[in-house]
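Q: I'd like to go over a predicted model; first the sequence, then the structure.
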Amino acid sequence: MSNEEQRRPDGEDPREQREQDLSTGAADPTSDPVEVGGSEDPGVVPQLDDEAFEEEPEAEPEEEAELAREEIIAEREEIIALAAELETTQRERDGYLDDMRRMKAEMENSKKRLERDRTRLVQSASEGLVRELLPVLDNLDRALTVEGDIREGIRATREQLVSVLAGQGLAPVDSDGESFDPAVHEAVMGQPSDEHEEDTVIQTLERGYMLNGRAIRPAKVIVAKQV
């Protein structure tokens, strides 16, 4: 389209009209009004409220000092309480340590005392047994100085020795003719026998002994077996 066709019917150029409006400050009737500060008048400058720029009042120096003093006092009281608690805990710890040391010392003393008592009892028992065996030794010495048959002297000395040991709680284990008892008998061998029931002791090879009801040496025996 040519420049003449773009002109309005009245013959005015629309571009020239817009440039003229802009130069004179006239607003475009087709555009929306510009609002500034809530007013449609572009020439009115909005007034800002002074309260929007007001800051919160700062705390007074006296109030800040008081708050600081209260914090210092609270921290000091907390430190004092912790120190008292620590002191109490240390006293309790020291008390427990003293109790443990005392108990340990008492246990060690009791152990030493029991060991001394046991040693003294063993020594006393040994001394008593040796004293009772001395007469047996004397009789053996006499039997060796006698000429001729000394069997009667040896028999008498043996009976004396058996009496002394019996006084200490020694007793022989019954074997011949008894049923085999593994608690007091030790089977050396089995021998067929028609005269004895099975597991009957038919011969004692070595006498066994018991001390105060406890077997200290089992009897070595031969046990009957069925053919």
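A: Received it, and whenever you're ready, just let me know what you need.

Q: how about the spatially most central residue of the chain, secondary structure?
A: Residue closest to the average C-alpha location in the chain (CA atoms, centre = their mean): residue 100, at 17.4 Å. What DSSP: H, G, I helix; E, B strand; the rest coil gives for residue 100 is helix.

Q: With residue 224 instead?
A: Residue 224 - assigned by three-state DSSP - is strand.

Q: For it, which residues are in contact?
A: Residues in contact with residue 224 (CB atoms under 8 Å, 6 or more residues apart in numbering) are 190, 191, 192, 193, 195, 196, 197, 198, 199, 200, 201, 202. Yep, even glycine has a C-beta here, placed from its N, CA and C like the rest.

Q: so what pLDDT did the fifth one get?
A: The reference is to residue 195. pLDDT, residue 195: 86.

Q: Could you pull up phi and psi at it?
A: In terms of degrees, to the nearest 10, the main-chain angles of residue 195 are phi -90, psi -20.

Q: Repeat that for the fourth one.
A: Per-residue torsions, residue 193: phi -150, psi 130 (degrees, to the nearest 10).

Q: Settle this for me: it is touching residue 225, isn't it.
A: Yes. Counting by CB atoms under 8 Å, residue 225 is a contact partner of residue 193 at 7.1 Å.

Q: gap between the helix or strand where residue 164 lies and the chain center?
A: In this structure, residue 164 sits in helix 151-167 according to DSSP states H and E. Centroid separation between helix 151-167 and its chain, computed with CA atoms, centre = their mean, to the nearest Å, is 61 Å.

Q: I'd like the mean pLDDT over it, please.
A: On average, the pLDDT along helix 151-167 is 88.

Q: and if you look at stretch 64-72?
A: 86.

Q: what does stretch 109-128 give?
A: The model assigns stretch 109-128 a mean pLDDT of 86.

Q: Confirm residue 190 sits in a helix?
A: No. Under three-state DSSP, residue 190 sits outside any helix and is assigned strand.

Q: Leaving out chain neighbours, which residue sits closest to it?
A: Leaving out its chain neighbours, the residue that sits closest to residue 190 by CB to CB, 6 or more residues apart in numbering is residue 225, at 4.1 Å.

Q: For the one you found, give the beta-bridge partners.
A: For residue 225, the beta-bridge partners under DSSP bridges are residue 192.

Q: So it sits against residue 194, correct?
A: No. The criterion here is CB under 8 Å, and residue 225 misses it with residue 194 at 10.7 Å.

Q: quick one on the thing from earlier: show me what counts as buried in the helix holding residue 164.
A: 153, 157, 160, 161, 164, 165 (16 or more other CB atoms under 10 Å).

Q: was I right about the fifth one contacting residue 134?
A: Just to be clear, that refers to residue 164. No. Contact criterion CB under 8 Å: residue 164 and residue 134 do not qualify, at 9.7 Å.

Q: Check the gap between residue 157 and residue 128 for me.
A: 20 Å (CB to CB, to the nearest Å).

Q: same check, this time on residue 199
A: Residue 199 is 40 Å from residue 128, by CB to CB.

Q: more crowded one of those two?
A: Between residue 199 and residue 128, counted using other CB atoms under 10 Å, residue 199 has the larger neighbour count: 15 against 12.
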